[in-house]
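Visitor: quick one, structure for this:
(chains A and B)
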Amino acid sequence: MSSSALGGLIPQQLIIANNEYLTLLVFLALVALVGILVNFTIGTKRNSKNTILLTGLPFAGKTATYYLISHNKAVETVTSIKENETDVALTEGQKPIHLVDIPGHERLRFKFSEFMPIARAVVFVVDSSTVSRQTRLLAEYLYDILGDKFAQSERIPVLIACNKSDLLTSFKKERIQTLLEAEINKLRQTRTAALDTQDSEGNENVFLGFEGKDFSFEDLENDVEFIEYSAENKDIENIKDWMASVSS
Amino acid sequence: MLDFFTIATKGGLVLWSKAYGPAQSSPINSLIQEILIEERSSTQIYYKDNYSIKWTFVNDLDLIFVAVYPKALGLTYIDTLLKAATTQFSELYGDRILHKNTGIPQLKDWGVQFEALLQTVEDQDSQSKKSRQPRKFEETVGYSNTLAYAKAKPEERDTAKSPLLDEDEFRKNVELLKKKTASPRMGGRKGKGAKSPTASPVIGSDDSKKKVKEGRKWDGKISAKDAKSLDYSNSDVSEVVNADHLVDQSGLGQHSKDGTYNVADLEASDEESFSSDESEEDYTKISARSLQAKKPAASSGLLSFFKNMTGQKEMTAESLEPIMGKMKEHLVNKNVAADIAQHLCDSVAKGLEGQTLGSFKSIQAHVKQSMELALKRILTPKTSVDLLRDIAQAQAEKRPYTIVFIGVNGVGKSTNLSKTAFWLLQNNLKILIAACDTFRSGAVEQLRVHVRNLKALEQNAVVDLYEKGYGKDSAAIAKEAISSAKMTGHDVVLIDTAGRMQDNDPLMRALAKLVTVNNPDKIIFVGEALVGNEAVDQLTKFNAALKDFSGLANPRHIDGMILTKFDTIDDKVGAALSMTYTTGQPILFVGTGQTYTDLKNMKVSHVVASLLRE
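Guide: All right, here's what the predicted structure looks like:
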């Protein structure tokens, strides 16, 4: 050891202690700095809230839509295990939005609620060709989104984007709207009658719309819009327009 | 032959895919949905239709490699192919995939590369098959004992011993091995570690010799000369072994006067003793140690301190293993069935291997985080648990909705049936309870008391008991109850069955018959939250009985579970995980007490928090 020469003059412990002390000091300073930085970045993210979520059932075309918007490219996809996220400028010169593609599988669906606190808007992608078979699944997911704590308090706008309009068997958006409204009408009865959850006061499900009146999307405080599009034909302009209008 | 080979991101983007042979739809989606999302990836192989599917993760790049081949062919080289493909792919495109803002990575020449790779792997495979011919006498041990062998020249001996290993191939193998064992980054660290001042004083003594400049050796590439030096297969035994460096002289014990040898005491400063308490600190120590174990004693400089602190640590199977062991133990302590805890830990570890830790992140915090995600994933129901909506559907179809309660003895089937009835009554549904426990004395009377109580609790409540006494065939009673409910306009039929042990064959057959004959809308398994390893056995055997004894093409299975006695277990909620993992079905309700209102919806976040609590 090089310090052995000095061993007689300065006690070993002092050198070590000194070194540790310095290290600790620098470390603490760094922690403080990083803390401030992180706080700052999070703070700004919260304030501007430019996150737009892509949600929907599996095989609705969320990931395909995501890559069309972010990279302007048609891609082949498989079921997602993880969310995709990126910053994308919708038009030249506009402030970029933060686009998040949430996996559609039931087991991974809870992830959307983790993004709701920072969400500016939610796009709910629907496979127009299978709506009649999936009405209940669609309505249940949509109910979860519309009934979310943040969707309620922040009045997060929701776009119901009916994908695969190129297919012959696809439903028109008006038809999809009536199907969903009828199903949500039934769901809000059963949801509010469900058993209490453990360790909580009462039921956590909210009642959408007005009591004594059939459910309609117009009754909601959130702005809900329907559009038809086709990711297959790269016909996504109306989604982009909607995103631009809600994020500006 | 290979059918499909696909490289996809975890986000769902297919980076590269190739179909060989007739193009049917790739079964990769069902692989993802049934295995990967369900955290069952501790299994090695997945069968779907006529395909066998194998896969590997590249976690630092968030990629999945999937190889699909026909079930009928037991291809042995798939593992090698996947391994080689992942290594080569991450080497070629790793950087580009990490820099996400460059857009979707272009894989221009990967197709060609892959073809070449496939060719080599296949060739190797067929060669190894050839080499499985019966050995010649010259290759056997017997031959080496003969006079002919002793007379033969040494070179000939070598060739006789290993006719397949020529020098070129050997070099290739070593190169592959090097690539496998060490990523380039790790190679750099090792170099640094050797120079550390804390290394043994022996190094200091031959410092002067080391000053001589050495030819640089690049990672992953080997010259023919190196290969020779590494090739110990034909090195001369006569070479004098320099044993000095094998033993640290200072650490040697002493020969006492009478000639016995005393082993030196273990110095306390070497390693802090292994404490056995199961605290978080323990985790930390182990993780820190296992991470350090990969790179020998880091230099004590300030820079390296921060490097250790913030540097990117790569998680490997070795560094994860002790933490996963702790995690498993922790889960088992929470009453999770042992083999499920093992499967889950393996699966989570598989998803973490190769990931680099971010700054200021300890490995066990990272493990805990991904375990939390995995638990959430497993416990979140994949089908709707909205029973009332199902009943409304049945009402619209003008038929009674039927629910069968099954389970072993004494778990609370009847009690929770009546709790469910109470809840349904509050929703203005007309209930018929079918007493199909014709076995245990007092079972019918118990239900009669419940019906009387429920009638007293709710005004205008329509709840009736359908009973035919004891000793009758329960399947027939259930059938009659359902048709009677149809006549009388009851909305829901709750069928109470006799408790039975899962190994009782005749009773399990009777249960399967009841289910087959009546085809109920929901089969609810009632299980105790107190159950441990037994949970898996119960559920698998009940499910197996429903399947094996039904005689149907599409047999029924358990649709959901009620977890009873949930108030008695504090935070040992492992049974909830064991049950959902075994069946893949949701826990509909939990029973939390003695009164009719003590039936609750399970809160996933609550259970996850309880499972992970120290």
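Visitor: can stretch B:572-580 be said to contact chain A?
Guide: No - if you take C-beta under 8 Å from any C-beta of the partner chain as the test, stretch B:572-580 misses chain A, and the best it gets is 10.2 Å. The C-beta positions use only the backbone N, C-alpha and C, and glycine is treated the same way.
Visitor: so where's the longest strand in chain A?
Guide: Longest strand of chain A, by residue count under DSSP state E: strand A:119-127.
Visitor: in its sheet, what does that strand sit against?
Guide: strand A:51-56 (parallel), strand A:158-163 (parallel) (DSSP bridges).
Visitor: quick check: nearest residue in space to residue B:474, chain neighbours excluded?
Guide: Distances taken as C-beta to C-beta, 6 or more residues apart in numbering or on different chains put residue B:436 closest to residue B:474, at 3.9 Å, once the chain neighbours are dropped.
Visitor: circling back: residue B:367 is nearest to which of the strands paired with strand A:119-127?
Guide: Among the strands paired with strand A:119-127, strand A:51-56 comes nearest to residue B:367, with 28.0 Å by C-beta to C-beta.
Visitor: read off the pLDDT value for residue 101.
Guide: Assuming you mean chain A. According to the prediction, residue A:101 has pLDDT 94.
Visitor: please go with chain B instead
Guide: pLDDT at residue B:101 comes out at 60.
Visitor: can you pull the contacts of residue B:145?
Guide: The contact partners of residue B:145, by C-beta atoms under 8 Å, 6 or more residues apart in numbering or on different chains, come to none.
Visitor: repeat for residue B:381
Guide: Counting by C-beta under 8 Å, 6+ apart, residue B:381 makes contact with A:106, B:585, B:586, B:587.
Visitor: ok, the first one touching residue B:382?
Guide: Yes - between residue A:106 and residue B:382 there is a contact under C-beta atoms under 8 Å: 4.1 Å.
Visitor: what distance do you get for residue B:68 to chain A?
Guide: 12 Å (C-beta to the nearest C-beta, to the nearest Å).
Visitor: quick check, that residue in a strand?
Guide: Yes - the assignment for residue B:68 is a strand, going by DSSP: H, G, I helix; E, B strand; the rest coil.
Visitor: now for it, how many residues are close by?
Guide: 23 (other C-beta atoms under 10 Å in any protein chain shown).
Visitor: kindly report the same for residue B:528.
Guide: So residue B:528, with other C-beta under 10 Å, has 22 neighbours.
Visitor: tell me the bridge partners for it.
Guide: Going by DSSP bridges, residue B:528 forms beta bridges with residue B:564.
Visitor: picking that back up, quick one: which of the contacts of residue B:381 sit in strands?
Guide: If you go by DSSP E, these have residue B:587 in strands.
Visitor: can I get the buried part of the contacts of residue B:381 as one ChimeraX selection?
Guide: Only the buried entries of those go into this ChimeraX selection, using 16 or more other C-beta atoms under 10 Å in any protein chain shown:
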select /A:106 /B:585,586,587
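Visitor: now the end-to-end length of stretch B:434-448.
Guide: Terminal residues of stretch B:434-448 lie 11 Å apart, using C-alpha to C-alpha, to the nearest Å.
Visitor: again but with stretch B:96-111, I slipped
Guide: 17 Å.
Visitor: who touches that stretch?
Guide: So stretch B:96-111 is contacted by A:67, A:71, A:73, A:75, A:86, B:9, B:13, B:15-16, B:18, B:61, B:63, B:89, B:92-93 (C-beta under 8 Å, 6+ apart).
Visitor: give me the subset of these lying in helices.
Guide: Taking DSSP state H, the ones among those that sit in helices are A:67, A:71, B:89, B:92, B:93.
Visitor: my guess is the first one contacts residue A:86. True?
Guide: No - with contact taken as C-beta under 8 Å, residue A:67 and residue A:86 are classed as non-touching, separated by 9.6 Å.
Visitor: about what we covered before: out of the contacts of stretch B:96-111, which are buried?
Guide: Buried by 16+ other C-beta under 10 Å: A:67, A:75, A:86, B:9, B:13, B:15, B:16, B:61, B:63, B:89, B:93, out of these.
Visitor: which pair of those residues spans the longest distance?
Guide: Taking C-beta to C-beta, the two most distant members of those are A:86 and B:89; they sit 22.1 Å apart.
Visitor: one step back: residues making contact with the longest strand of chain A?
Guide: By C-beta under 8 Å, 6+ apart, the residues outside strand A:119-127 that reach it are A:49-57, A:59-62, A:65, A:97, A:112, A:134, A:138, A:141-142, A:145, A:150-151, A:156-164, A:176, A:239, A:242-243, A:246-247.
Visitor: can you select the buried ones from the residues you listed in PyMOL?
Guide: This is how PyMOL selects the buried members of those, with burial counted by 16+ other C-beta under 10 Å:
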select buried, chain A and resi 49+50+51+52+53+54+55+56+57+60+61+62+65+97+112+134+138+141+142+145+151+156+157+158+159+160+161+162+163+164+176+239+242+243+246+247
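Visitor: for chain A, give me the ranges with low pLDDT.
Guide: A:1-18, A:39-48, A:200-203 (pLDDT under 70).
Visitor: and it, what are its domains?
Guide: Domain ranges of chain A: A:2-41, A:49-247, per automatic domain parsing.
Visitor: highest average neighbour count across the ones you listed?
Guide: Ranked by mean neighbour count under mean count of other C-beta atoms under 10 Å in any protein chain shown, these are led by domain A:49-247, which reaches a mean of 18.
Visitor: how far does it stretch from start to finish?
Guide: 9 Å.
Visitor: can you put the domains of chain A in a markdown table and add distance to residue B:116?
Guide: Shown next, in a markdown table, are those (distance: least, C-beta to C-beta, whole Å):
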| stretch | distance to residue B:116 |
| --- | --- |
| domain A:2-41 | 46 |
| domain A:49-247 | 24 |
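Visitor: can you tell me which residues contact the residue most central in space within chain A?
Guide: In chain A, the centroid-proximal residue (C-alpha atoms, centre = their mean) is residue A:53; its distance is 3.6 Å. Applying C-beta under 8 Å, 6+ apart to residue A:53 gives the contacts A:100, A:102, A:112, A:115, A:116, A:119, A:121, A:122, A:123.
Visitor: element containing the fourth one, please.
Guide: Secondary structure assigned from DSSP states H and E places residue A:115 in helix A:111-115.
Visitor: tell me how far that helix lies from the chain's centre.
Guide: 6 Å (C-alpha atoms, centre = their mean, to the nearest Å).
Visitor: can you tell me which of the ones in helices among the contacts of stretch B:96-111 is nearest residue A:80?
Guide: Taking the ones in helices among the contacts of stretch B:96-111 together and measuring to residue A:80 by C-beta to C-beta, the closest member is residue A:67, at 11.5 Å.
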